[in-house]
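[1] Give me a model of this one.
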Amino acid sequence: MQQITGDEATYYYRVNNKTEGVIELHVDDFLVMGSNIFFETVVKSLKGRFKFGKIEKNEFRFCGIDIKVTPEGSYVSQNEYVNAIKEIEVDSYDDLERPLTKEEFKAYRGVTGKLIWLNEITRPDISFDSLSLSFHNKDAKVKDIVAANKVIRKAKAIDSYIKFGRVGNFNDLKILTHADASHLTVEEKSKGVAGKIIFMSNKDETIVSPVHWKSKTIAQACTSAKAAETRAAYMACDDSIGLARALMELYTGKKGEKQVETTIKIDSQSLLDTLFSTKQIEEKILRPTVLAMKQMLTRNNIGRFDWVESSDNLADIFTKKGSKGSENLINILQTGQNP
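    Take a look at the predicted model:
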């Protein structure tokens, strides 16, 4: 099998110029998918060489995630996982500023880790909440437990699953990415947050399947909202191009510059104007970042940048508290339909 470029845990198998199978590794667990040819050759050989504790097909649990394969699509669920997360008990809520005891602190860190795992797999709508909780893993107080318990109730309020359906023919496939940022929202109002969600999509962007999402602190202190939006867009471009190349390699077996068509959607009109202007951006430290994105366009690494209303930016929920887009995003992830 061939190791995919840039990912040491993903391998693919090709016969007669066609990809017949893929294996994903996680420590000593295998996630295997492919044709009869693949199972009769590679998988059969693996079974002859290694001792497997358990082999499950079409409906199983992998690393705590329930997976079910049906003719309509593959479903990934964490309903049992989220129902097992318990709220943290505190003797008294009279003093919300009281530092946590050793046991309370241990429980808080445990819950934070569980919520982060949940948001990374099936619940992007709690990504910003989980990120905010993680900032207090060293100095949490009673008020942070109150916030954590609120996120747990939010997580349990709806089903935690995602549908991965057929998008269409490979020649019509594109990468569709929404990127957003907020300025001075975390770490005592000193840093911003970058958010992104990346889909596989058909040409007209009506059928989608999620690939990756993330809510992340911007490492550099941004001096303006535009600086935050610029850095967030660049990070989204970098991830999108990497995924677009990986998809092309999986399908064709060819490593290199060729990739799946990619579109980036942002809600910063000033950044969009800068990307299509010959005038230099005022903040000199951002000029190399802007130049890199311009080169992505001219080299067709990024097919286009589109402006969207903030209300239509699916990455908005990753960058701020109280965003109203979570219901829409969850509906898209659970149906595969992008209205």
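
[2] give me phi/psi at Ala219?
    With angles defined as degrees, to the nearest 10, Ala219 sits at phi -60, psi -40.

[3] Figure out how far stretch 21-39 is from the centre of its chain.
    Centroid displacement of stretch 21-39 relative to its chain, using Cα atoms, centre = their mean, to the nearest Å, is 22 Å.

[4] Which positions within that stretch qualify as buried?
    Residues of stretch 21-39 classed as buried: 21-23, 31, 34, 38-39 (neighbour count, 16 or more other Cβ atoms under 10 Å). Just so you know, the C-beta spots here come from the backbone N, C-alpha and C atoms, and that holds for glycine as well.

[5] beta partners for Ile65?
    Under DSSP bridges, the beta-bridge partners of Ile65 are Phe62.

[6] quick check, nearest of the buried residues of stretch 21-39 to Asn171?
    Ranked by distance to Asn171 (Cβ to Cβ), the buried residues of stretch 21-39 are led by Val22 at 19.8 Å.

[7] ok, then the element right after the helix or strand containing the closest one?
    Applying DSSP states H and E as the criterion places Val22 in strand 18-26. From strand 18-26 onward toward the C-terminus, using DSSP H and E, the following helix or strand is strand 29-34.

[8] helices or strands next to that next one in the packing?
    In terms of contacts (3 or more Cβ pairs under 8 Å, 6 or more residues apart in numbering; DSSP states H and E), strand 29-34 is packed against strand 18-26.

[9] what residues does the strand it packs on touch?
    Strand 18-26 is touched from outside by 1, 9-14, 30-35, 37-39, 42-43, 62-63, 250-251, 253, with contacts defined as Cβ atoms under 8 Å, 6 or more residues apart in numbering.

[10] can you do 7 Å?
    Residues outside strand 18-26 that contact it (Cβ atoms under 7 Å, 6 or more residues apart in numbering) are 1, 9-14, 30-35, 37-38, 42, 63, 250-251, 253.

[11] mind saving the C-alpha coords of the longest strand seen in the chain as CSV?
    When the chain is parsed with DSSP state E, its longest strand is strand 174-186. This file holds the C-alpha atoms of strand 174-186, laid out as CSV (Å, rounded to 0.1, in the frame of the first residue of the first chain):
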residue,chain,number,x,y,z
LYS,A,174,-14.8,20.3,-5.0
ILE,A,175,-13.6,21.4,-1.6
LEU,A,176,-15.9,24.0,0.0
THR,A,177,-14.5,25.9,3.0
HIS,A,178,-16.1,28.5,5.3
ALA,A,179,-13.6,30.6,7.3
ASP,A,180,-14.1,33.2,10.1
ALA,A,181,-12.4,35.0,12.9
SER,A,182,-13.1,37.0,16.0
HIS,A,183,-10.9,39.7,17.4
LEU,A,184,-9.9,39.8,21.1
THR,A,185,-12.4,37.3,22.4
VAL,A,186,-10.3,34.9,24.5
